[in-house]
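S.K.: Need a 3D model of the following:
(2 chains)
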Protein chains: 2
Amino acid sequence: MSAAESRGAIPDNANDHCVGPESELAGKAASCAGCPNQAACASAPKGPDPDILAIEERLRNVKHKILVLSGKGGVGKSTFATQLAFALAAKKLEVGLLDIDICGPSVPKLVGLENEEIHRSNLGWSPVYVEDNLAVMSIGFLLPNPDDAVIWRGPRKNGLIKQFLKDVHWGDLDYLVVDAPPGTSDEHISIAQFLKGADVDGAVIVTTPQEVSIIDVRKEVNFCHKVGLKVLGVVENMSGLQQPVDSVRFLSVPADPAQKPEDVTAAALEALRNVAPDLSCLIVQSDVFRATKGGAESMAASMGVPFLGRVPLDPALSLAGEEGRSAFDGEAGAMSSRAALQGIIDQLVAKTGGLKVFSSATAHGNAHHMHAQ
Amino acid sequence: MSAAESRGAIPDNANDHCVGPESELAGKAASCAGCPNQAACASAPKGPDPDILAIEERLRNVKHKILVLSGKGGVGKSTFATQLAFALAAKKLEVGLLDIDICGPSVPKLVGLENEEIHRSNLGWSPVYVEDNLAVMSIGFLLPNPDDAVIWRGPRKNGLIKQFLKDVHWGDLDYLVVDAPPGTSDEHISIAQFLKGADVDGAVIVTTPQEVSIIDVRKEVNFCHKVGLKVLGVVENMSGLQQPVDSVRFLSVPADPAQKPEDVTAAALEALRNVAPDLSCLIVQSDVFRATKGGAESMAASMGVPFLGRVPLDPALSLAGEEGRSAFDGEAGAMSSRAALQGIIDQLVAKTGGLKVFSSATAHGNAHHMHAQ
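M.R.: Numbers count the residues shown, from 1 in each chain, chains lettered A, B, ... in the order given. Below is the predicted model of the structure:
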């Protein structure tokens, strides 16, 4: 956290050398002369934000807090956060999933609870329960119409995030997973500030293999260093596409662009039966998003942060999200991403020390258990 | 634009029924009593932001302005904005590309100009030139170190966006393409406000096929309606993967998970030669991101906005971005996305009426010209 941040949010129109609105000198320092905020600063209450103490108190019974971040959007951050929450819940842990992407909340869709509403009690806001031990909070549950745009500037977003942390009654939790929007702006500065007394385990940073995404991850790692947030590790998502050969189509494209492509899927699969009599064992693999400069693993090594593994681009994982369900349910062989996800999640559990006794009998989808390299 | 927005940015800590800091009554209305901003509002200059007039003046010689928006990140918005700029420049038009994604600028990488710097003259900030007729401005050119995180809250981001609009000396432009970050927050409210006198043609909204992305597009369309921004159309990106069969690998996966998969690519390609003697004509097609509810086309129809077409998920397009070059250079047959992109861009040109005389001789990559459906 920069010195300025620890002195409270400095208004954009503040004078140079602003001491910060939370300083004891706010409104009275030499640099305050002529500042448009001087009167407001001089009369405002001093000292640290009392809400931060309230947040600390509220989250006292949450053993572990993991932030899921990304530099760039659309890398599968919310999908990862959701599947992490599902996987932790499958281990019979008490899990909370908090979505602080105020303008683009994906979590309600990804957990299959789009039409739920939040209720208030004297204990606070009640989250929505996906399962008995998996509670979720998102602005998506607060919108009268899911298509409504949330056209909010930073302060209002920050206000709601604070309220989520201060007022949601999670009860006792083993893990709180926080899904952040992409970037390093209001939501990120705020959550780091709000949770500074709440003993956060650290952040997982999700990326895709391309350099255009890795550039933003470097920024995110530097953000974590600046605000004092431990980087638990980096996950490379959409890392190579793997799909069963019988799920793709084969098209023959004539050299003459005026002619239409011909679907030759049946003939192609018949020909491939000579290679693999059981086509369900044959996988088509390709690099859709190419790591032109070594991808996340070499970036993690050069920045001195742990690399947690690669999750292949898997249409079945995307579909699990669309259908709002755990990727660990259903047939074991159906998903190329499952073993990789499970390996990464197990590493996170080990790193945060959250599971003293790990009983594989209670964990779902562990048949193909494999640690990602 | 909401009533509140037209009255200037209302501070987060303002009283209810704030008349807005730009109102003639600011600091003097009944609702100002006790507001911490009362003194600042009462003494601040009234009336509309003079910078908006300066922006209008600065952009007077820019014929067309197109905003590229998305609800969700990572849908290929910056890639589309960049390729739109490349394609317009290939038509011998004067083109500017402005990146207002302050925390995650991708444009410098996507145009292959990562280590450029901005120069100032008495005419303003000089953009960086990719080609003689393609100028680019991004915060990426202002960072001493490209890995630096830009940890800025809204007001500071808005300040830089205003400066980009007010101070960059573009000269005479046919098109200014503005690449926005995902969402509906500070950057979006600001750019709509700042450009309200500058006669914007409208916005292109980019999405991927999945419902989890479409949800956010609906929000973005509603945002455009609210701020009075015309929706030029919606583009569905990553819509089905198409790749040449000789660019994929075939793996045989044993039923026993303890055994390693075997690479059978050579045998598979040999077998497929019986179907298509010339393998370069054989395409593997699949839906990586599935539209579970009709995708962008049905969303556009139901929201009454134009659908511009689908761009397939094309590893060659991703690679063009990684290498910072136009997708319209190089071999015509190599990219499945090129014809679709070209068709969409031609529609945008037609909609904005920017090309009175369209000479196909001057347009690159037009051999496979085809309008997307």
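
S.K.: does any part of the host helix or strand of A:N222 sit near chain B?
M.R.: If you go by DSSP states H and E, A:N222 is part of helix A:211-227. Yes. On the criterion Cβ under 8 Å from any Cβ of the partner chain, helix A:211-227 is in touch with chain B at A:E211, A:V212, A:S213, A:I215, A:D216, A:R218, A:K219, A:E220, A:N222, A:F223, A:K226, A:V227. Just so you know, the C-beta spots here come from the backbone N, C-alpha and C atoms, and that holds for glycine as well.

S.K.: As TSV, those with pLDDT and neighbour count would be great.
M.R.: As requested, those are exported to TSV (pLDDT from 0 to 100; neighbours: other Cβ atoms under 10 Å in any protein chain shown):
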residue	pLDDT	neighbour count
A:E211	92	19
A:V212	92	22
A:S213	94	30
A:I215	94	23
A:D216	94	28
A:R218	96	20
A:K219	96	24
A:E220	97	29
A:N222	96	19
A:F223	97	26
A:K226	95	17
A:V227	94	21
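
S.K.: which non-adjacent residue is nearest A:L229?
M.R.: A:A203 (5.2 Å; Cβ to Cβ, 6 or more residues apart in numbering or on different chains).

S.K.: Can you verify the one you found is assigned to a strand?
M.R.: Yes. Looking at A:A203 with DSSP: H, G, I helix; E, B strand; the rest coil, it is inside a strand.

S.K.: Strands of the stretch 101-250 of chain A, start to end?
M.R.: Secondary structure of the stretch 101-250 of chain A (DSSP state E, counting those that start in this stretch): strands located at A:119-121, A:124-126, A:128-131, A:134-137, A:173-179, A:202-207, A:231-236, A:241-244, A:249-252.

S.K.: Tabulate the ones you listed (JSON lines), appending mean neighbour count.
M.R.: Shown next, in JSON lines, are those (neighbours: other Cβ atoms under 10 Å in any protein chain shown):
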{"stretch": "strand A:119-121", "mean neighbour count": "9"}
{"stretch": "strand A:124-126", "mean neighbour count": "16"}
{"stretch": "strand A:128-131", "mean neighbour count": "18"}
{"stretch": "strand A:134-137", "mean neighbour count": "25"}
{"stretch": "strand A:173-179", "mean neighbour count": "25"}
{"stretch": "strand A:202-207", "mean neighbour count": "27"}
{"stretch": "strand A:231-236", "mean neighbour count": "25"}
{"stretch": "strand A:241-244", "mean neighbour count": "22"}
{"stretch": "strand A:249-252", "mean neighbour count": "20"}
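
S.K.: Please produce CSV containing those strands, extended by mean pLDDT.
M.R.: Below are the strands of the stretch 101-250 of chain A laid out as CSV (pLDDT from 0 to 100):
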stretch, mean pLDDT
strand A:119-121, 91
strand A:124-126, 95
strand A:128-131, 97
strand A:134-137, 98
strand A:173-179, 97
strand A:202-207, 98
strand A:231-236, 97
strand A:241-244, 90
strand A:249-252, 94
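
S.K.: Mind putting those into TSV with distance to B:T352?
M.R.: Shown next, in TSV, are the strands of the stretch 101-250 of chain A (distance: least, Cβ to Cβ, whole Å):
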stretch	distance to B:T352
strand A:119-121	49
strand A:124-126	46
strand A:128-131	44
strand A:134-137	43
strand A:173-179	38
strand A:202-207	35
strand A:231-236	39
strand A:241-244	36
strand A:249-252	34
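
S.K.: can you map out the helices along the stretch 201-350 of chain A?
M.R.: A:211-227, A:265-272, A:295-303, A:315-322, A:338-352 (DSSP state H, counting those that start in this stretch).

S.K.: Nearest to B:D99, out of those helices?
M.R.: Taking Cβ to Cβ, helix A:211-227 is the member of those nearest to B:D99, at 12.4 Å.

S.K.: Check which helices and strands that closest one sits against.
M.R.: Judged by 3 or more Cβ pairs under 8 Å, 6 or more residues apart in numbering or on different chains; DSSP states H and E, helix A:211-227 is in contact with strand A:62-69, helix A:186-194, strand A:202-207, strand A:231-236, helix A:295-303, helix B:107-110, helix B:315-322.
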